[in-house]
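Visitor: Mind folding the following:
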Amino acid sequence: MTRRETVAKWLEKPATGNFVIGVIILNAIVLGMETSDELYEAIGGVLMTIDLLCLGVFIIEIALKLYAYGLRFFRNGWNVFDFIIVGIALLPGAHSLSVLRALRILRVLRVISAAPRLRRVVEGFIRAVPGMASVFLMMAMIFYIGAVMATNLFADSFPDWFGTIGRSAYSLFQIMTLESWSMGIVRPVMELYQYAWAFFVPFIIITSFAVVNLLVGLIVNSMQDAHDAETEGATGAYRDEVLRRLEAIEARIEAAQREK
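Guide: Below is the predicted model of the structure:
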């Protein structure tokens, strides 16, 4: 076994992955503590030291992966994701500019690449994107139709909510999320337009309950497909390993018979 293969095998051990996850969680806690002025004044130096040590661990991990896998490192999307997240911390001014400092918390997202179950969730979401695009297009049409109707119906009396198509769309989005939709918007409108419920209630049923649940169903199905693909891949790998061992045993038996 070559040195690169040894390093790759060590990186793939569960203990190594758990250690990296532990460092990520520790780094997330430290970054949260740094937002407290009282804590930063008391132990700011310690927090900065721990932050730099965690960053050092991430850099060493990526360096070892680059050494072990070579250019194959960049063929894995999760490796590229880790490379970008850690690379942000190495940009000039990352510890002085507030925007770049705030982006350090993105290191917490490395838990996704380190935890297989979280990766499965993200992969399922990505697989659902093509189907979600069609649903979003349908929702955009529903919102446009609803915004035009609401502007024509209620713009004169409620210009702040429905004065333009843009304002109407935003108000309808608030209604779709069920945030203060009844007492905040619909009931005041119904005081002047008694039958306004006939417009808002069907809109809520179509968007909040039908379309949103359709999105959830697409994501759940995609996650299940990702899980099935991963299970099938693991089963196939195990089957291939068994076949290789059987072929090796068969070759040994044939060699022993020839020697006799």
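Visitor: Show me what stretch 208-227 is in contact with.
Guide: 120-121, 123-128, 131-132, 135, 138-139, 142, 176-178 (CB atoms under 8 Å, 6 or more residues apart in numbering). In short, each C-beta sits where N, CA and C put it, glycine included.
Visitor: Go again with 10 Å.
Guide: With contacts defined as CB atoms under 10 Å, 6 or more residues apart in numbering, stretch 208-227 is touched by 117, 119-132, 134-136, 138-139, 142, 175-178, 181, 204-206.
Visitor: Show the buried residues in the residues you listed.
Guide: 119-124, 127-128, 131-132, 135, 139, 142, 175-176, 181, 204, 206 (16 or more other CB atoms under 10 Å).
Visitor: need the helices for the stretch 1-150 of the chain, in chain order.
Guide: Applying DSSP state H, counting those that start in this stretch to the stretch 1-150 of the chain gives helices spanning 3-11, 14-33, 37-69, 77-89, 98-102, 110-114, 116-154.
Visitor: rank those by mean pLDDT and give me the bottom one.
Guide: Note on the helices of the stretch 1-150 of the chain: helix 98-102 shows the lowest mean pLDDT, a mean of 62.
Visitor: how close does the spatially closest residue to residue 76 that is not a sequence neighbour sit to residue 187?
Guide: Of all residues not flanking residue 76 in the chain, residue 69 sits nearest, at 8.0 Å (CB to CB, 6 or more residues apart in numbering). Computed as CB to CB, to the nearest Å, the residue 69 to residue 187 distance reads 61 Å.
Visitor: if you count what's nearby, which of the two comes out ahead?
Guide: Neighbour totals were compared for residue 69 and residue 187, and residue 69 leads with 17 against 12 (other CB atoms under 10 Å).
Visitor: Touching, the more buried one and residue 4? I think so.
Guide: Yes - using CB atoms under 10 Å, residue 69 is in contact with residue 4, at 8.0 Å.
Visitor: What is the neighbour count of residue 173?
Guide: Residues lying near residue 173 (other CB under 10 Å) number 14.
Visitor: oh sorry, the question was meant for residue 79
Guide: By the measure other CB under 10 Å, the count of residues near residue 79 is 17.
Visitor: Use 426 as the first number for this chain going forward.
Guide: Got it, first residue is 426 now, which makes that one residue 504.
Visitor: from what I can see it touches residue 498, true?
Guide: Yes - here residue 504 reaches residue 498: they are 5.1 Å apart, a contact under CB under 10 Å.
Visitor: for residue 501, phi and psi?
Guide: Per-residue torsions, residue 501: phi -100, psi 120 (degrees, to the nearest 10).
Visitor: Residue 614 versus that one, what's the distance?
Guide: 53 Å.
Visitor: the more surrounded of these two?
Guide: Using other CB under 10 Å as the criterion, residue 501 and residue 614 rank with residue 614 on top: 21 against 14.
Visitor: Go ahead and report the secondary structure state at the more buried one.
Guide: Here residue 614 is helix, with the state taken from DSSP: H, G, I helix; E, B strand; the rest coil.
Visitor: ok, for it, nearest residue in space, not its chain neighbours?
Guide: Closest residue to residue 614 apart from its sequence neighbours, by CB to CB, 6+ apart: residue 621 at 4.7 Å.
Visitor: What residues does that neighbour make contact with?
Guide: By CB under 10 Å, 6+ apart, the contact list for residue 621 reads 575, 578-579, 610-615.
Visitor: Most neighbours out of those residues, which is it?
Guide: Ranking those using other CB under 10 Å puts residue 575 first, with 25 neighbours.
Visitor: Touching, it and residue 582? I think so.
Guide: No - using CB under 10 Å as the test, residue 575 is too far from residue 582 to be in contact (11.5 Å).
Visitor: between these two, what contacts are shared?
Guide: By CB under 10 Å, 6+ apart, residue 575 and residue 582 have these common neighbours: residue 614.
Visitor: just to revisit the earlier point, from the helices of the stretch 426-575 of the chain, which stretch is densest packed?
Guide: helix 535-539 (a mean of 19; mean count of other CB atoms under 10 Å).
Visitor: so what secondary structure elements neighbour that helix?
Guide: Counting contacts by 3 or more CB pairs under 10 Å, 6 or more residues apart in numbering; DSSP states H and E, helix 535-539 packs against helix 439-458, helix 462-494, helix 502-514, helix 541-579.
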